[in-house]
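Chemist: Give me a 3D structure for the following:
(2 chains)
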Amino acid sequence: MFKEFMDPKFFVEELEDVNRKLVKGAEILTTISDIEVEPTPKELVFEEDKTRLFHYLPGEALKCPTPILICYALVNRQYMMDLQSDRSLIRNLLGQGLDIYIIDWGYPDHGDRYVTMEDYIDVYLDDCVGVVRERTGCDKINLLGVCQGGTFAVMYAALYPEKIRNLITMVAPVDFHTTDGLLNVWSQYMDIDNMVDTMGIIPGEFMNVGFLMLKPFQLMVDKYVGLMDNLDDAATVANFMRMEKWIFDSPAQAGEAYRKFLKDLYQDNRLVKGELEIGGRLVDLKRISMPLLNIYATEDHLVPPACSIPLNDLVGSEDKTLYSFPGGHIGIYVSSRSQKELAPKVSGWLIERCPKDQDGKQVCGYPAAGTEGSTQAKAKAVKKPARKPASKAKKPSAAKPGKQAGAKPGKQAAAKKAAKKR
Amino acid sequence: MKRGISMQENTAAWTDIWKKWQGMQAGMYTNWMEAWFRMFGMGGDAGDETPAKSWSDAQGFYRRWLEYVQEMMSKFAVPSQGVGPETFMKMFQSADVYTLLYSMWMRMFESYRKIVDDKGVFKPEAMGEVMDAWADDYREIVHKVFTPALPEQLQWIAELYSGDIPLTASGLFMNLMTPWYEYARELGERGLSIDKLSPEAGVEIYEGWRKAYEESYGRLLRAPVMGYYREAAEKLTHTMDSLNEFNIILAEFYASLQGAGAESFERLQERLAKMQAEGKDEPMSFRELYRLWWQTNEDIYIELFRTEEFSKLLGQLVDKGMQFRADFQAYVEEATKELPFPNRSEMDHLYKTVDRLKREVRSLKKELRELRGARGEG
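Modeler: Reported below is the predicted structural model:
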């Protein structure tokens, strides 16, 4: 028997509560004009085609001058990591004393249907790494890959180990042949060629249908019913709307890159088999010899733990850490637990591995010959490293890989000032 | 020069007409009354016919009446040029067209009842006979009605349509319709009904639909098209075909979801019963019930989504959707190719060229960088 029928007082109270929330919620929803995301100040430092590289304005004091480059997924937008000021992994990491760059892959359109996975790894990601190295004077930088961006980071680290000091992967799929995730199951029955040949680029809306189907009632029903409980709370409604914005702010996928990612990885699982080729080179995970922090979420329905955990057994690194975060694929960035536990874990792990000079001082990478002093001074002195395969010796080069904005670290202060004004 | 009609001749003509008219009136009423008697079984040779004996009696009566009037009017010869027996003959030939066509279609309707037995089961062999009979009727009508109406030089056209064409048409009709009758019969035998669709039955129904479609209209839509507008027409028929294919899979897809919905309802009832059995039958709020409802649904749907069957179905759904999209795009591009804007295929060609040029520029820049590096420049 229902409580509402048994207890009239309870029924009336429930009714009154719902009505009050509806009225208040209507007022809140009609007065929210803009849902702001990405509150942390940053500056554009490089762009090439649709790829843009941003540098977050540093916090009070760098505890590890070796910069960290965040490589997000092509699916959805990188501002999940900086959704709002009190739920921002980026802000937390800055507060822990890290120097952070992040890649924004942009919104591919039909003109990008021929962009390949090789373009993302060997050109855009490598150029971004090059810019960060040039700006900071670090031969080796820290690379943090998120979700699909984590898979990219793994590939990149295997192809260019000489440029990466530490590798961090967050909820990154590596072993795709598991039945724990519906995406892994469904992808086996998809004719990817037919999809790409027909659509050219894979629309974000198309992808979203698949994602919503992973938890149909939770994501399409309960989420909105749950909002009702807090509809009278402006802050909660704003938080909800930010997340809603992020979920449906879905870039299309460049056709050829999508084709290779789905066929070679989801369907054929070539990365763990050692059969994946990028630009004619075999991606050998044993070449990943730098320290590895592999983070997975225990309740991840998009990238189940079984996809991420095997990485630690596949790499050549001796220093490798597997970190289990109790939560889901999104909660790992926005939950309060993430803010309290994950950010300190990442920063602590990196700071521990920050290179030190003979005097025990932390320095940025390996100082270039004949240079002394601060990191910024080194950055000015060190020439931009050429983009070369790992097997070849690095050569200095002056050519810029793309359009580089504000390459001098000195410009960072001005940008910070401007951002404060905003 | 035409000869004028004198008053005397005119009077004689009218006297003759009047006499004939009187005789015909008597004959007409005699026939009329006989016809009514026959229709209502009131004597004559009506035999066991009854008024409810259906359309054939009324049809016969109408025909006899028409013949009578035709005869009468043919004799009602006004001796004026251009209005005489020939005029009335043509008028009645036209009327005859309607009666003949009416007869033919009514016979078809009548014979339709023969192809389904008392239990409503379709008999394809009876249907074949009916269609052949229809083809014979059709040929007869063309021969009798349309051929005389055409100028002599063009009468071969009517002959053309009174030859094998009706037989071929009836054969085609049979090919198109038989799968659907078979499908309807299967539905009837299994007691399947669209409005009381269980998920399993739904899948069966859609499977049957697909089979009937494949053997009938599917063939038609996939047939090659001819003529000036061939390219666009063919693309359009392909689009229609692929849309049908997509809808078939979509129906199966929905049926599987519906099945999960029904199962989740049962599961919810089981859970509630279990709670009660375990003594947890304290009053629950709507909110608690809602939570139990959506979580139960989620569990069931995820179970379904994990199955190989569903995954295959999803793959097929996407494939068929893509095929429809590709066909539709091809048709739109064909139909709009003369309009002053580029279509997707043309833009793709352009994108490909730009992509190739970008790569060349990138490669050349790299070479330049390496050359400068080797020469110690920059």
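
Chemist: B:Arg291 and chain A, how far apart?
Modeler: 8 Å (CB to the nearest CB, to the nearest Å). No exception for glycine: its C-beta is placed from N, CA and C like everyone else's.

Chemist: So for the one residue in the stretch 101-250 of chain B that gets nearest to chain A, what's the pLDDT?
Modeler: As assessed by CB to the nearest CB, chain A sits closest to B:Ser242 within the stretch 101-250 of chain B, at 11.2 Å. As predicted, B:Ser242 sits at a pLDDT of 89.

Chemist: Was I right to think it contacts B:Phe324?
Modeler: Yes - between B:Ser242 and B:Phe324 there is a contact under CB atoms under 8 Å: 4.3 Å.

Chemist: tell me, what's touching those two both at once?
Modeler: By CB atoms under 8 Å, 6 or more residues apart in numbering or on different chains, B:Ser242 and B:Phe324 have no common neighbours.

Chemist: ok, now which ones touch the residue of the stretch 101-250 of chain B closest to chain A?
Modeler: Taking CB under 8 Å, 6+ apart, one finds B:320, B:323-324, B:326-328 in contact with B:Ser242.

Chemist: Look at the nearest residue to B:Leu243 once chain neighbours are set aside and report its pLDDT.
Modeler: Take B:Leu243 and drop its neighbours on the chain: the residue closest to it by CB to CB, 6 or more residues apart in numbering or on different chains is B:Phe324, 5.2 Å away. pLDDT, B:Phe324: 95.

Chemist: what does A:Asp180 give?
Modeler: 93.

Chemist: Any idea how many residues pack against it?
Modeler: Close neighbours of A:Asp180, defined as other CB atoms under 10 Å in any protein chain shown, add up to 14.

Chemist: so it, which of the three states?
Modeler: coil (DSSP: H, G, I helix; E, B strand; the rest coil).

Chemist: re the thing from before, tell me, how many residues neighbour the residue nearest to B:Leu243?
Modeler: Counted with other CB under 10 Å, residues neighbouring B:Phe324 total 21.

Chemist: would you say it is within a helix?
Modeler: Yes - assessed with three-state DSSP, B:Phe324 lies in a helix.

Chemist: hang on, isn't it packed against B:Ile248?
Modeler: No - in this structure, B:Phe324 is not within contact of B:Ile248 by CB under 8 Å, at 11.4 Å.

Chemist: centre of the chain versus the helix ranked longest in chain A, how much separation?
Modeler: Taking DSSP state H as the criterion, chain A has its longest helix at helix A:8-31. For helix A:8-31, the gap between its own C-alpha mean and the chain's C-alpha mean amounts to 39 Å (CA atoms, centre = their mean, to the nearest Å).

Chemist: What is it packed up against?
Modeler: helix A:3-6, helix A:223-229, helix A:234-248 (3 or more CB pairs under 8 Å, 6 or more residues apart in numbering or on different chains; DSSP states H and E).

Chemist: could those be laid out in JSON lines, adding mean neighbour count?
Modeler: Output for those, formatted as JSON lines (neighbours: other CB atoms under 10 Å in any protein chain shown):
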{"stretch": "helix A:3-6", "mean neighbour count": "15"}
{"stretch": "helix A:223-229", "mean neighbour count": "14"}
{"stretch": "helix A:234-248", "mean neighbour count": "16"}
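
Chemist: possible to save those as TSV with mean pLDDT and distance to chain B?
Modeler: Shown next, in TSV, are these (pLDDT from 0 to 100; distance: least, CB to the nearest CB, whole Å):
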stretch	mean pLDDT	distance to chain B
helix A:3-6	64	4
helix A:223-229	85	7
helix A:234-248	90	18
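
Chemist: and the ones you listed as CSV, adding distance to B:Glu234?
Modeler: Converted to CSV, the helices and strands packed on helix A:8-31 look like this (distance: least, CB to CB, whole Å):
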stretch, distance to B:Glu234
helix A:3-6, 62
helix A:223-229, 46
helix A:234-248, 39
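
Chemist: The residue nearest to A:Asn208 when sequence neighbours are not counted: neighbouring residues, count only.
Modeler: Nearest residue to A:Asn208, sequence neighbours excluded (CB to CB, 6+ apart): A:Ser250, at 5.4 Å. Per other CB under 10 Å, the neighbour tally for A:Ser250 reads 18.

Chemist: How about the contacts made by A:Ser250?
Modeler: Counting by CB under 8 Å, 6+ apart, A:Ser250 makes contact with A:75-76, A:204-205, A:207-208.

Chemist: what about burial for those, which qualify?
Modeler: A:75-76, A:204, A:207-208 (16 or more other CB atoms under 10 Å in any protein chain shown).

Chemist: so which of those residues comes closest to chain B?
Modeler: Closest approach between the buried ones among the contacts of A:Ser250 and chain B, by CB to the nearest CB: A:Met207, at 12.0 Å.

Chemist: Give me the contacts around the strand or helix carrying that closest one.
Modeler: Element membership of A:Met207, judged by DSSP states H and E, is helix A:204-214. When contacts are defined by CB under 8 Å, 6+ apart, helix A:204-214 is touched by residues A:75, A:182-183, A:186, A:199, A:219-220, A:247-253, A:301-302, B:305.

Chemist: Only the buried subset of those residues, as a PyMOL command please.
Modeler: The following PyMOL line selects those of the contacts of helix A:204-214 that are buried, judged by 16+ other CB under 10 Å:
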select buried, (chain A and resi 75+182+183+186+199+219+247+250+251+252+253+301+302) or (chain B and resi 305)
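
Chemist: Many thanks, I have nothing further to ask.
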